[in-house]
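Asks: Sequence isn't available, so here's the structure alone:
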């Protein structure tokens, strides 16, 4: 065997070896490098926590959320009338609360390095930005989201390519994790892992595993997984403004 | 000779450098429950008559409404709670370990750890699912493969069971499960998609999170269902605890207690989607206050009091039990 042949084989082997490791290769654009397709219209399936997600539970119902004492006291002081008067009826529509809501969301590429997430529930828009950091600006319901592909596989010619999206959102305006005033503060960091899973029949599900960290109102990270289904028929999109009560 | 040595060396390097493609993600370990979803069902147990979030068929609904809390005490039915993925509704940790062959290759991933759940063995060696008539245990037969960092599993050969906790929602022996298991650093996400042509009208989807914790409580570990006489007066009488159609006193519990429309409480699929809020908007009024299990996380996770100062309304928790849990009688 000639030495050049050995070197060639070793190089090919190195490519195969990369399949099982995380690769964050330099990318031309986020869109070109996307290992999964998040675009389309997704509907939340409210098969968990129905009573806390589909409707507004009574004041003081803070079950299952790891609130601090300060968080509990704030939740028990919830007054939707006061929110309305202050023009803050969107407090339950900030990113950490919105994703658990009864939403339809449309995800599309705004440009080659920005995914745009729109919801009909509360008519909200969040931008998931890849690459260079964005200046913070004023706090908002959807905050500033930085995005990063986590790529797996694809190391060899024809090798299947997998991956997920990791996003981190901060610069949030204080809001609610639950419609009945369960609070999160402006110090909240919202981390999400986005996976797309396919069934043999072609159905596609998006799973958002997320962590809400808030040193003010939570005594532990609030970790949940929320699932959505891809809709081919987009006719049920129904933009509805924020509502502080229902 | 020289050529043989070179060839052997190259082949060895090829094998060694390709190993990560087979190794995938190490799932082994103990994962603590993060009961931040469906707390009441996973903690104290669901309210009878609460089928919210379920896409049930008429047959499924009728069977669930015949359920009585005495039913799972009957010897013949004590193992019906052991459907393979019911752990997503249980309150304890899970443990995952691998079974390897003599070369160290993973033949199966095994999940266990909760005393009410049968062990689930996910075969990774490419074996086919057996004949529909083959003998099988309540844990069914599961095969898996990797898609990136996600272990995709498919379960068949299950038995008739209760698929959720404490309310009698049934699953038939024709159910199949597609399961996606993703470990990401210390977090483990499991999503199950259950299809059941008998008791469901569409796939039932659940997604949960656990966190790696070698000290997490798994409860008393058993990999089989052990039965015993729980209600002596029921044994050898021929009686089967049940409610006749239309006579379940809890059928309207969610309507009475939470002002939820009956069709939502009874698990109709269309109530799972955002457009159902149009119906709800005109008829739903929140209860004046939270009456029961309002702050369960704190009591469960707070032992012996990780949340000092909190005095949530826990409804009708008996004073003695509250005192035992929290260390005070408030």
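Replies: Done, it's in. In this text the structure is predicted, and so the values were computed from the model without any measurement.
Asks: Sort out which residues of stretch A:170-187 are buried, please.
Replies: Buried residues in stretch A:170-187, counted by 16 or more other Cβ atoms under 10 Å in any protein chain shown: A:170-185. Bear in mind the C-beta positions are built from the backbone N, C-alpha and C, glycine included.
Asks: near chain B, from those residues?
Replies: The overlap between those and the neighbours of chain B (Cβ under 8 Å from any Cβ of the partner chain) comes to residue A:180.
Asks: Tell me how far the strand or helix carrying residue A:209 lies from the chain's centre.
Replies: Following DSSP states H and E, one finds residue A:209 within strand A:204-213. Here strand A:204-213 is found 6 Å from its chain centre; the criterion is Cα atoms, centre = their mean, to the nearest Å.
Asks: after that strand, next one along is what?
Replies: Downstream of strand A:204-213 (by DSSP H and E), the next one is strand A:222-231.
Asks: what's that following strand in contact with?
Replies: With Cβ atoms under 8 Å, 6 or more residues apart in numbering or on different chains as the test, strand A:222-231 has contacts from A:40-45, A:47, A:65-66, A:99-100, A:104-105, A:177, A:203-214, B:34, B:36-37, B:187, B:189, B:191, B:205-209, B:211.
Asks: Going through these, which ones are buried?
Replies: By 16+ other Cβ under 10 Å, those give A:40-45, A:47, A:65-66, A:99-100, A:104-105, A:177, A:204-214, B:34, B:36-37, B:187, B:189, B:191, B:205-209, B:211 as buried.
Asks: Let me know the closest of the buried residues of stretch A:170-187 to residue B:124.
Replies: Taking Cβ to Cβ as the measure, residue B:124 lies nearest residue A:177 of the buried residues of stretch A:170-187, at 38.3 Å.
Asks: Looks to me like the closest one is in a strand.
Replies: Yes: checked against DSSP: H, G, I helix; E, B strand; the rest coil, residue A:177 lies within a strand.
Asks: show me the contacts for it.
Replies: By Cβ under 8 Å, 6+ apart, residue A:177 lies in contact with A:65, A:96, A:97, A:100, A:183, A:184, A:212, A:222.
Asks: And the residue of chain A found nearest chain B, which helix or strand is it part of?
Replies: The minimum distance from chain A to chain B, using Cβ to the nearest Cβ, falls at residue A:162 (2.6 Å). Assigned by DSSP H and E, residue A:162 belongs to strand A:161-170.
Asks: Could you do residue A:31 as well?
Replies: Here residue A:31 is assigned to helix A:30-33, by DSSP H and E.
Asks: does any part of that helix sit near chain B?
Replies: No: on the criterion Cβ under 8 Å from any Cβ, helix A:30-33 is out of touch with chain B, staying 14.8 Å away.
Asks: same question for that helix, mean pLDDT?
Replies: Confidence over helix A:30-33 (mean pLDDT, whole number) is 96.
Asks: That helix packs against which elements?
Replies: Contacts defined by 3 or more Cβ pairs under 8 Å, 6 or more residues apart in numbering or on different chains; DSSP states H and E place helix A:30-33 against strand A:144-153.
Asks: Now do the strand it packs on against strand A:161-170, angle only.
Replies: 160 degrees (axes from the mean of the first three to the mean of the last three Cα atoms, to 10 degrees).
Asks: Buried residues of strand A:144-153, list them for me.
Replies: Using 16+ other Cβ under 10 Å as the test for burial, strand A:144-153 gives A:144, A:145, A:146, A:147, A:149, A:150, A:151, A:152, A:153.
Asks: what residue ranges in chain B are flagged as low confidence?
Replies: Under the criterion pLDDT under 70, the flagged ranges of chain B are B:1-23, B:113-118, B:218-224, B:296-330.
Asks: all helices for it, in order.
Replies: For chain B, the helices defined by DSSP state H occupy B:2-23, B:39-42, B:58-65, B:253-258, B:262-265, B:277-283, B:296-301, B:319-326.
Asks: now chain A
Replies: A:3-17, A:30-33, A:50-53, A:69-76, A:80-85, A:95-98.
Asks: Verify the contact between residue A:30 and residue A:149 for me.
Replies: Yes: the criterion here is Cβ atoms under 8 Å, and residue A:30 meets it with residue A:149 at 6.8 Å.
Asks: any shared contact partners between those two?
Replies: Residues touching both residue A:30 and residue A:149 by Cβ under 8 Å, 6+ apart: residue A:130.
Asks: give me the residue from the stretch 101-250 of chain B nearest chain A.
Replies: Closest point on the stretch 101-250 of chain B to chain A, by Cβ to the nearest Cβ, is residue B:148, at 2.6 Å.
Asks: any idea how far the residue lying closest to that residue once chain neighbours are set aside lies from residue A:113?
Replies: Nearest non-adjacent residue to residue B:148, counting by Cβ to Cβ, 6 or more residues apart in numbering or on different chains: residue A:162, 2.6 Å away. Using Cβ to Cβ, to the nearest Å, we find residue A:162 at a distance of 21 Å from residue A:113.
Asks: go on, residue A:181?
Replies: 36 Å.
Asks: so what's the residue most central in space within chain A scoring on pLDDT?
Replies: The centre of chain A sits closest to residue A:192, judged by Cα atoms, centre = their mean, with a distance of 4.8 Å. Predicted confidence (pLDDT) at residue A:192: the value is 98.
Asks: Contacts only, for it.
Replies: By Cβ under 8 Å, 6+ apart, the residues touching residue A:192 are A:99, A:165, A:166, A:167, A:168, A:169, A:208, A:209, A:210, A:211.
Asks: Which member of these is positioned nearest residue A:139?
Replies: Nearest to residue A:139 among the contacts of residue A:192, with distances taken as Cβ to Cβ, is residue A:169, at 11.4 Å.
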